[in-house]
Structure formats: C-alpha cells, structure tokens
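> Need coordinates for the below:
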Amino acid sequence: MISLPDTVERGARRATQNTPTLLSWDQLLSVPHSEIPAVVGELERAKATLLARLLEPENREPEEDALLTADQVAERLQVDRKWVYRHKARLGAIPLSKKHLRFPSSALDAYIRRRGKAQRGRR
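Reported below is the predicted structural model:
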C-alpha cells in the first residue's frame, strides 16, 4: 500500500519547486483495487487538514496593543476615574510621566477575564 506520510515527504520536496504533489498519476493508477478505499481515506484526511489550515490566518504581524487613557478604562469598566487610579497596578498601568498613565487594552482584557472567573467562583 502507498503510505501517505511517504508521499507527503515527496510532496514537501516537490513543494520547493512550486508543484506540491502527493502522488503522481502513475502511482494513483497503480494502487491495487483493494487498497483504494484506504488511500482515498488518507487523501481525505490530508485534504481536511489543508482546508483547516486555510481557515487559520497566515503569519501576520501581531496587532499593536492599544493604550487606553484612564477615562477610557473608566468608561469601559463603568467605574469612576478615581477608582481606575486607585487600582492602576491591578489594571497594568504604564506611566508615561508623573501625571499621565496609559493602560494596555490586553491588560484590561486580562483583568476582566480574571474578575469574571472570580465572580463565577463565588456563586
């Protein structure tokens, strides 16, 4: 029987030539009749794997983490601005100067997730 891992390796070597091929037509035509269902199953599995990869984003640059002001954080959390300043360490504040702070949106998202888990744990 033709093993797909061997053919994938051959296909990978051919991929460098911009012609990825798992099996040649001659190989497909020479598969014994009794082994065709197994080969078709392996090919379907390879097809499903490749189609799933198409749904994944390509290696893109990660998006920049937005820096939020205290007012934006307060609005998002529906709290007073003073509360945001009192809890700046928990919210991952980054000092820009003695008077100005910014909050990475990813740190705020993490805080919200942690609080959500803590609230569910109390029920």
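> backbone phi and psi for the closest residue to Ile94 other than its chain neighbours, please?
In space, Ile94 comes closest to Arg102 once its chain neighbours are excluded; the distance is 5.0 Å by C-beta to C-beta, 6 or more residues apart in numbering. C-beta: built from backbone N, CA, C; applies to glycine. The phi and psi values for Arg102, taken as degrees, to the nearest 10, are phi -130, psi 150.
> And for Leu101?
phi -120, psi 150.
> Can you give me every residue that contacts it?
Residues near Leu101 by C-beta atoms under 8 Å, 6 or more residues apart in numbering: 70, 85, 88, 93-95.
> Would you mind listing which of those residues are buried?
By neighbour count, with 16 or more other C-beta atoms under 10 Å, the contacts of Leu101 hold 70, 88, 93 as buried.
> confidence score at the closest residue to Lys88 other than its chain neighbours?
Leaving aside its chain neighbours, Lys88 sits nearest to Leu101 (6.1 Å; criterion: C-beta to C-beta, 6+ apart). Note for Leu101: predicted pLDDT of 93.
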